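Asker: sequence plus the predicted model coming up.
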Amino acid sequence: MPELPEVETVRRGLAKVMEGAVIERAETRRGDLRFPFPANFAGRLKGRTITALSRRAKYLLADLDNHDVLIMHLGMSGSFRVLDEGTEETPGSFHHERSKDEAHDHVVFHLMQRGRHHLVIYNDPRRFGFMDMIARDRLADDKRFANLGLEPTGNSLDGAAIARLFAGKAAPLKAALLDQRLIAGLGNIYVCEALWQAGLSPKRLAGTIVKADGSSSERCKKLAHAIREVIARAIEAGGSSLRDHRLTDGSLGYFQHSFKVYDREGEPCPRPGCKGTIRRIVQSGRSTFHCPVCQR
């Protein structure tokens, strides 16, 4: 599953051709992806203008001029190709070659933007992705969004927010950070990286970093800063590139080369002055990479 920075790089690549574009027509080449398309999906899109393309957690949201929102999720293997007058791009930052087999081209958007025609093609060999449409004023109450927590990219995620979210929590920090009801969109890779940067053990109970009166501690502040910084660096670099994401210009992202702990089991801890060795443990069935010496 792509992580938040990967989805954000896809959004930025698509925004260049989708924002302000008129959907001249949309093709659905099968009746479903992970779920069936909504009734009259192509008909409801025809002639609509895309006013904005945003992201919430790992969902891409295309606002339309009739106040509907096109919801798109990449699933495990979904990607978009943009064809523009003889050029072709795959927005995102993918490590393995993304499918261009036309047999897996399931949705095609024919767009007109500032006098130029674009094709945006959604390809998904495993069909774990999906698309849906919903009125904008119903979005916040939709079951997929109603319980999503804070976005980890904005200033709202600070030490005070961490304290409020984690106060009294008996779950390990790793589990608390992966709880989408608390912080939306964080995945395994960047949780490992943020905990290392903050010097916190993934096994430490989440509530123990909060002061007794429920207020923010230095640990809360460090963790909030680490999360925002790790995500920002990954987005700037084009995503982790561990799986199938490519940058808009086709070049690979390079954030994977700056991982401090993720997938570095047995290597020396890179923190200056630390003599620890990166270890891998399993928490809730998922690999966690950390330094047991400097992460407390």
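Answerer: Thanks, I have the structure now.
Asker: these two touch, right, residue 195 and residue 172?
Answerer: No: Residue 195 lies out of contact with residue 172 (Cβ atoms under 8 Å); the separation is 10.1 Å. C-beta here means a position set from N, CA and C on the backbone, and glycine is covered the same way.
Asker: so what sits against both of the two?
Answerer: residue 202 (Cβ atoms under 8 Å, 6 or more residues apart in numbering).
Asker: the more surrounded of these two?
Answerer: The neighbour comparison of residue 195 against residue 172 (other Cβ atoms under 10 Å) goes to residue 195, with 27 against 18.
Asker: and that one, what pLDDT?
Answerer: If you check residue 195, the pLDDT there is 98.
Asker: what of residue 233?
Answerer: For residue 233, pLDDT reads 89.
Asker: any low-confidence regions in this protein?
Answerer: Residues of the chain meeting the criterion pLDDT under 70: 1, 85-100, 239-257.
Asker: domain ranges for it?
Answerer: The chain breaks down by automatic domain parsing into domains covering 4-139, 159-290.
Asker: TSV for the ones you listed, including distance to residue 147?
Answerer: Written out in TSV, the entries for the domains of the chain read as follows (distance: least, Cβ to Cβ, whole Å):
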stretch	distance to residue 147
domain 4-139	11
domain 159-290	5
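Asker: looking at these, which is nearest to residue 150?
Answerer: domain 159-290 (5.4 Å; Cβ to Cβ).
Asker: how long is that closest one from one end to the other?
Answerer: This stretch, domain 159-290, spans 22 Å end to end (Cα to Cα, to the nearest Å).
Asker: next one: it to chain centre, how far?
Answerer: 14 Å (Cα atoms, centre = their mean, to the nearest Å).
Asker: strands of the stretch 1-150 of the chain, residue ranges please.
Answerer: Defined through DSSP state E, counting those that start in this stretch, the strands belonging to the stretch 1-150 of the chain, from first to last, are 22-28, 50-56, 59-64, 68-73, 79-84, 87-89, 105-113, 116-123, 130-135.
Asker: quick one: the helices in the stretch 151-296 of the chain, in order.
Answerer: Under the criterion DSSP state H, counting those that start in this stretch, helices of the stretch 151-296 of the chain are mapped to 159-166, 173-178, 188-198, 218-237.
Asker: got the angle between the third one and helix 218-237?
Answerer: Translated: helix 188-198. When axes from the mean of the first three to the mean of the last three Cα atoms, to 10 degrees is applied, the directions of helix 188-198 and helix 218-237 differ by 130 degrees.
Asker: what's helix 188-198 packed up against?
Answerer: helix 173-178, helix 218-237, strand 286-290 (3 or more Cβ pairs under 8 Å, 6 or more residues apart in numbering; DSSP states H and E).
Asker: minimum distance to residue 296: which of the domains of the chain has it?
Answerer: Across the domains of the chain, closest to residue 296 is domain 159-290 (Cβ to Cβ), at 5.6 Å.
Asker: now for the helices of the stretch 151-296 of the chain, which one comes closest to residue 286?
Answerer: helix 188-198 (5.5 Å).
Asker: for the closest one, list the C-alpha coordinates in PDB.
Answerer: Extracted C-alpha coordinates of helix 188-198, given in PDB (Å, rounded to 0.1, in the frame of the first residue of the first chain):
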ATOM      1  CA  ASN A 188       4.800   1.700   8.800                       C
ATOM      2  CA  ILE A 189       7.900   3.200   7.100                       C
ATOM      3  CA  TYR A 190       7.500   6.700   8.300                       C
ATOM      4  CA  VAL A 191       6.500   5.800  11.800                       C
ATOM      5  CA  CYS A 192       9.700   3.800  12.200                       C
ATOM      6  CA  GLU A 193      11.700   6.800  10.900                       C
ATOM      7  CA  ALA A 194       9.900   9.400  13.000                       C
ATOM      8  CA  LEU A 195      10.300   7.300  16.200                       C
ATOM      9  CA  TRP A 196      14.100   7.000  15.500                       C
ATOM     10  CA  GLN A 197      14.400  10.700  14.900                       C
ATOM     11  CA  ALA A 198      12.600  11.500  18.100                       C
END
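Asker: just want the angle from it to strand 286-290.
Answerer: 20 degrees.
Asker: mind listing what's buried in helix 188-198?
Answerer: 188, 189, 190, 191, 192, 193, 194, 195, 196, 197, 198 (16 or more other Cβ atoms under 10 Å).
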